[in-house]
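> please work out how this folds:
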Amino acid sequence: MRAFLKHVPVILLALFEMIAGVMLFIKPDSFTTIIIAIFGGVLIAVGIVNLFRYIKGRKEGNANAFSLTIAVIVTLVGIVALFFPGPIFNWVKTAFGALIYAIMLIISGVFKLGLYIDYRHAGVPVNFLHVISGILAIVLGVVIILRPYGNNEKAMWIITGIMMIGESLVDVASLVLNVVNSKKKPKEKPIEVAAEE
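Numbers count the residues shown, from 1 in each chain. Model prediction:
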């Protein structure tokens, strides 16, 4: 159980990639609209937190106008995304295709590579498949940006869906290996100190 808890971020990423991949086969438009709305909610939360930080910083005398501007912009973008996800999706799909998923994959890949480095430094069991998963996510994201499917919308969602599912399967394999390796690792026995006579 402990081994799984250490890998919660990657587990959540793998679940999202799997669900996204499957939903892109079934209802790509509806699912992506929901994702945009959720993203909007997250942006609003981030914007509000930064607004409170600015107010707190102003009271302490270390606030700046730039942080306030960023907080306001992020909050406004979040409100638009939350309440008008449909029009945003239609615009994004027309202009950039499945770019939103490409960005998600690239960010996910960078995050996984960073996590691998952190795990290695912390001594947490992790295998090289984790690195492969991160690199694969970045490569797949770039492939989506290059639009090998041209303007074929159906092919766009199918290819993106396959990539998301494939990436999630690599993540699952990496997690399983990590857990298996952590169980095989011998536990250090406590050093017995002889009692002084």
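> in the host helix or strand of M104, what counts as buried?
Per DSSP states H and E, M104 falls inside helix 99-122. Residues of helix 99-122 classed as buried under the neighbour-count rule (16 or more other Cβ atoms under 10 Å) are 100-102, 104-106, 108-109, 112-113, 115-116, 119. Placement of C-beta: from N, CA and C, glycine included.
> same question for stretch 152-171.
Using 16+ other Cβ under 10 Å as the test for burial, stretch 152-171 gives 156-157, 159-161, 163-165, 167-168, 170-171.
> what is the nearest of those to G141?
Closest approach between the buried residues of stretch 152-171 and G141, by Cβ to Cβ: M163, at 8.5 Å.
> was I right to think that closest one contacts V142?
No. With contact defined as Cβ atoms under 8 Å, M163 does not count as touching V142 (10.9 Å).
> from the buried residues of stretch 152-171, which land in helices?
Judged by DSSP state H, those include 156-157, 159-161, 163-165, 167-168, 170-171 as members of helices.
> switch those residues over to CSV; also include distance to R53 and pLDDT.
Below are those laid out as CSV (distance: Cβ to Cβ, whole Å; pLDDT from 0 to 100):
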residue, distance to R53, pLDDT
M156, 39, 78
W157, 39, 80
I159, 41, 81
T160, 36, 81
G161, 38, 85
M163, 37, 82
M164, 34, 83
I165, 38, 87
E167, 34, 83
S168, 35, 85
V170, 37, 83
D171, 33, 81
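> gap between the residue most central in space within the chain and G57?
By Cα atoms, centre = their mean, the chain has its centre lying nearest to S108, at 4.3 Å. S108 sits 32 Å away from G57, going by Cβ to Cβ, to the nearest Å.
> also I48?
Distance of I48 to G57, given as Cβ to Cβ: 15 Å.
> can you give me the helices in this structure?
Listed in chain order, the helices found in the chain under DSSP H are 2-6, 8-26, 28-60, 65-83, 85-96, 99-122, 129-146, 153-184.
> and these, which one's lowest on average pLDDT?
Looking at the helices of the chain, the lowest mean pLDDT belongs to helix 2-6 (a mean of 56).
> what about the closest residue to V77 other than its chain neighbours, how many neighbours?
The shortest distance from V77 to any non-neighbouring residue, by Cβ to Cβ, 6 or more residues apart in numbering, is to L43 (5.7 Å). Applying other Cβ atoms under 10 Å, we find 20 residues neighbouring L43.
> quick one, what contacts L43?
With contact set as Cβ atoms under 8 Å, 6 or more residues apart in numbering, L43 has these partners: 74-75, 77-78, 81-82.
> let's have those in TSV, adding distance to G21.
Shown next, in TSV, are the contacts of L43 (distance: Cβ to Cβ, whole Å):
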residue	distance to G21
V74	28
T75	31
V77	26
G78	26
A81	22
L82	24
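> identify the farthest-apart pair in the residues you listed.
The span of those, defined through Cβ to Cβ, is set by V74 and L82 at 12.3 Å.
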